[in-house]
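Trainee: Return a 3D structure for these sequence lines:
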Amino acid sequence: MELINTTTLSNASNTDPGRCDRHCRMILITLYSAVLLGGAAGAITMSCRMLKRNSQSMIATIVLNIIVLHSILLVSLPFRLSYYISVTWEFGFFTCRLVSSIIYGHMYFTFAFYVAIIILRLLMYFKKLQMQQFQKYHAVVLSIIIWMVGGVMFLPIFFLQYGTHPTYSEQRCFEFYKDLNHRECIILNYSMIIIMMTTVVTLFLIQMGVIVQLVKTLWPDMWAHQECRAQIKSFFFLLVIVVCFVPHHAFRVHFIQHYSEIENSELVLYNEIFVALTTACCLDMLCLVGGVIH
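Mentor: Below you'll find the model as predicted:
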């Protein structure tokens, strides 16, 4: 009887256009597996390096927050892999909501900490701040503020609105796009899209201007200057945002405008892939450790 139910669910996953088909699942399994292995390696290696250096700088404390966020996401990925491999959710509806919400919480919290690093280094470049003015408790206070503000915004959404559609099934997961039928959810999505896109464009233009000016001033020995290396690192984090987060938000506009559970359900498949792409930011520490950016 269990074999029959499993076969039925598997067949349903291939015929239901609103679900991730076999090709989609293979893409997700490959991407999540790579992120899980690479992200874990990067987080562990970077943590060991930071412990050896015992750095007290503000940037190091923010990076530590990012490692914590990555670790939380990485713990949730085996649940996703299990679902896409077996095509059945076996961990209960609350766990489904929690695992699904972690990926969004991770994205926005990580974005906030990336932006904090970029802005701090820009302020230092423009001589608005001096590193000597900061002590470790300043970074701790900043981290607490980001976590508290994010928590105040995120928790009510999770408990009151996220996953409230009456058609959700106990054996199916990650289908919370159905909540886009709610006006409040649409407004929230558009607000986050506008905030992220505006922030990215503004910081990208400023950062590019700073790097161009540094290259003109310090060429050909720019890599010998700490200030130039610091701005290149900031640009690296900005690139991570552009590669991992911006595509999801750009597609989200199209998804919200054209999504229909019946007529355009194939958009759900693309949405799942773009959501999965946001987890690739977990490879940032591996890139830093591996010397992709020094």
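Trainee: Am I right that residue 45 is in contact with residue 287?
Mentor: No - assessed by C-beta atoms under 8 Å, residue 45 is found out of contact with residue 287, at 11.3 Å. C-beta: built from backbone N, CA, C; applies to glycine.
Trainee: for the longest helix along the chain, the distance to its chain's centre please.
Mentor: The longest helix of the chain (DSSP state H) is helix 183-218. Its chain's C-alpha centre and that of helix 183-218 lie 16 Å apart, by C-alpha atoms, centre = their mean, to the nearest Å.
Trainee: Kindly report the same for stretch 236-245.
Mentor: That offset, for stretch 236-245, works out to 10 Å (C-alpha atoms, centre = their mean).
Trainee: tell me which residues in it are buried?
Mentor: Within stretch 236-245, the residues that count as buried by 16 or more other C-beta atoms under 10 Å are 236, 237, 238, 240, 241, 244, 245.
Trainee: Would you mind pulling up the elements that the longest helix of the chain packs against?
Mentor: In terms of contacts (3 or more C-beta pairs under 8 Å, 6 or more residues apart in numbering; DSSP states H and E), helix 183-218 is packed against helix 93-125, helix 226-240, helix 246-258.
Trainee: Skip the chain neighbours and tell me the closest residue to residue 33.
Mentor: Once flanking residues are discounted, residue 33 sits nearest to residue 81: 6.7 Å by C-beta to C-beta, 6 or more residues apart in numbering.
Trainee: coming back round to it: between the buried residues of stretch 236-245, which sits nearest residue 141?
Mentor: Closest to residue 141 out of the buried residues of stretch 236-245 is residue 237 (21.1 Å), distances taken as C-beta to C-beta.
Trainee: how far away is the residue nearest to the closest one when sequence neighbours are not counted from residue 239?
Mentor: In this structure, residue 237 finds its nearest non-sequential neighbour in residue 114, 4.6 Å apart by C-beta to C-beta, 6+ apart. In this view, residue 114 and residue 239 are 10 Å apart by C-beta to C-beta, to the nearest Å.
Trainee: try residue 41
Mentor: As judged by C-beta to C-beta, residue 41 and residue 239 stand 20 Å apart.
Trainee: Any regions of the stretch 1-150 of the chain where pLDDT drops low?
Mentor: Confidence mapping of the stretch 1-150 of the chain against pLDDT under 70 gives the ranges 1-19, 54-56, 128-136.
Trainee: oh, I was asking about the stretch 151-294 of the chain
Mentor: In the stretch 151-294 of the chain (pLDDT under 70), the answer is 158-169, 176, 178-179, 222-224, 260-265, 290-294.
Trainee: now do 80
Mentor: Per-residue confidence of the stretch 151-294 of the chain (counting by pLDDT under 80) places the weak regions at 153-172, 174-185, 218-227, 258-266, 289-294.
Trainee: Tell me how many other residues crowd residue 214.
Mentor: Neighbour count of residue 214, defined by other C-beta atoms under 10 Å: 19.
Trainee: what's the closest non-adjacent residue to it?
Mentor: residue 228 (4.8 Å).
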